[in-house]
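> I'd like to go over a predicted model; first the sequence, then the structure.
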There are 2 protein chains.
Amino acid sequence: MKIKNSRLDTIRLILSTQEIGSQEDLLRELSKEGFKLTQATLSRDLHQLRVVKTVGVQGKYRYVLTRPHQYRHEGTEGEMRPITPQHEIGGFISIKFSGNLAVIRTKPSYASTLAYHIDAYDFPEIIGTIAGDDTVMIALAEDATKGAILKALRTIIPNI
Amino acid sequence: MKIKNSRLDTIRLILSTQEIGSQEDLLRELSKEGFKLTQATLSRDLHQLRVVKTVGVQGKYRYVLTRPHQYRHEGTEGEMRPITPQHEIGGFISIKFSGNLAVIRTKPSYASTLAYHIDAYDFPEIIGTIAGDDTVMIALAEDATKGAILKALRTIIPNI
DNA sequence: CGGCTTGTTGCATATTTATTTAATACGCGG
DNA sequence: CCGCGTATTAAATAAATATGCAACAAGCCG
């Protein structure tokens, strides 16, 4: 529907540019933009957008967008060869490499937990991670080898 | 405090291994582990841990860990040199490069906002971004140089 | 130790968010 | 245009979560 879509866009815009701490706040901003709706509808909108309420640095709550993740298509591309363990560790399913990226697949909703653990270790071979729902993308340092990454990750996922 | 810390650890453990959808659920799990506390206390614990309630693919709610923010500054490894500004602009903390990727760290919850702005500019040097809670991963165009990226981003993050 | 400051907790309650329900609007094939 | 299935909504309410407050425990000087 037309109205709803533009409303969702506006929600995205607002959340991207302002620090919104409650649905009431967001409702107020939306009404400034000419949208009138109830908190119930907003709650459903946010659910659909998969917006989450996080805790910011100063302990303030804040609604933030998550990205609509791609639900990818398993590899086909030559280089990438999945290495899959016998036992699933904390939702881990597989890891593949390509260039300076590694992509870990997990069971649904386990990705951010895994990314959390990887981040916590702060491996020098890894310059950053991003988690979707069931995928963790890992940016590797330029000189990191596949072996070094696997070795590092083994501290978190023994049977990787 | 002793008890509280081990409780926080246990919360992390539980959230890492189970799909918890409400504080009541988590409370139940904690009591199995011998912790007795009220929802009020748990709410405060989760706030302190910056745990967030997300929406999974099937629309289920789930509590997940976010990363411990280290205001780090690694900068040791040869190629990678975090470039950190004097003033924090919109939560920006650092940027690192590796191959055709750049990884920006932000203060917690600022990543999606920053990514949104980067996207909005539609720089030819940048073919796409992904944002987590405090990390933006940027896919660079094939011919983009580090300098060109920094120059482009400067329109958004002046002191980058 | 005695006072002071800080941190932790439960209780009760406020606040916030999700959901049920019933009504209304919409899209579309016939 | 009609009828039927699907969306969308508001209102009320349920459910979930956050917080003010008072009590108590811990650490910390002097």
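Ah, there it is.

> Start and end of stretch A:34-54, how far apart?
27 Å (C-alpha to C-alpha, to the nearest Å).

> Then stretch A:102-114?
13 Å.

> Check whether it comes near chain B.
Yes - Stretch A:102-114 lies within reach of chain B by C-beta under 8 Å from any C-beta of the partner chain, at A:108-109, A:112-113. Where you see a C-beta, it was placed from the backbone N, CA and C, and this is true even at glycine.

> Counting by contacts, list what the helix ranked longest in chain A packs against.
Counting residues, the longest helix found in chain A (DSSP state H) is helix A:2-17. Packed against helix A:2-17 by the contact rule (3 or more C-beta pairs under 8 Å, 6 or more residues apart in numbering or on different chains; DSSP states H and E) you find helix A:23-32, helix A:39-49, helix B:111-121.

> Please point out which parts of that helix sit buried.
By 16 or more other C-beta atoms under 10 Å in any protein chain shown, the buried positions in helix A:2-17 come out as A:7, A:10-11, A:14-16.

> again, but for stretch A:29-40
A:29-30, A:35.

> picking that back up, among the residues of stretch A:102-114 next to chain B, name the least confidently predicted one.
The lowest pLDDT within the residues of stretch A:102-114 next to chain B belongs to residue A:108, with 77.

> what helix or strand does the residue lying farthest from the centre of chain A sit in?
Largest separation from the mean C-alpha position in chain A: residue A:34, at 31.0 Å (C-alpha atoms, centre = their mean). Of the helices and strands defined by DSSP states H and E, none includes residue A:34.

> Tell me how far the residue lying closest to residue A:123 once chain neighbours are set aside lies from residue B:100.
Nearest non-adjacent residue to residue A:123, counting by C-beta to C-beta, 6 or more residues apart in numbering or on different chains: residue A:152, 4.5 Å away. Distance of residue A:152 to residue B:100, computed by C-beta to C-beta, to the nearest Å: 22 Å.

> Excluding covalently adjacent residues, which one is nearest to residue A:137?
residue A:130 (4.8 Å).

> for residue A:118, that is, sorry about that
Using C-beta to C-beta, 6+ apart, the closest residue to residue A:118 is residue A:129 (5.4 Å).

> Report how many residues lie close to that neighbour.
25 (other C-beta atoms under 10 Å in any protein chain shown).

> my guess is it contacts residue A:138, does it?
Yes - look at residue A:129 against residue A:138 with C-beta atoms under 8 Å: they come within range, at 5.1 Å.

> hey, what's in contact with both of those two?
Here residue A:129 and residue A:138 have residue A:118 as joint contacts, going by C-beta atoms under 8 Å, 6 or more residues apart in numbering or on different chains.

> could I have stretch A:6-25 exported to PDB, CA atoms only?
Provided in PDB are the C-alpha atoms of stretch A:6-25 (Å, rounded to 0.1, in the frame of the first residue of the first chain):
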ATOM      1  CA  SER A   6       5.900   6.000   2.400                       C
ATOM      2  CA  ARG A   7       5.400   5.700   6.100                       C
ATOM      3  CA  LEU A   8       7.900   3.000   6.400                       C
ATOM      4  CA  ASP A   9      10.300   5.000   4.400                       C
ATOM      5  CA  THR A  10       9.700   8.000   6.700                       C
ATOM      6  CA  ILE A  11      10.400   5.800   9.700                       C
ATOM      7  CA  ARG A  12      13.600   4.700   8.200                       C
ATOM      8  CA  LEU A  13      14.500   8.300   7.500                       C
ATOM      9  CA  ILE A  14      13.700   9.500  11.000                       C
ATOM     10  CA  LEU A  15      15.500   6.600  12.700                       C
ATOM     11  CA  SER A  16      18.500   7.300  10.500                       C
ATOM     12  CA  THR A  17      18.800  11.000  11.400                       C
ATOM     13  CA  GLN A  18      17.500  11.200  14.900                       C
ATOM     14  CA  GLU A  19      17.900   9.500  18.200                       C
ATOM     15  CA  ILE A  20      14.500   8.100  19.000                       C
ATOM     16  CA  GLY A  21      14.000   6.400  22.300                       C
ATOM     17  CA  SER A  22      10.400   5.300  22.300                       C
ATOM     18  CA  GLN A  23       7.600   4.600  20.000                       C
ATOM     19  CA  GLU A  24       5.800   7.600  21.400                       C
ATOM     20  CA  ASP A  25       8.700   9.800  20.300                       C
END
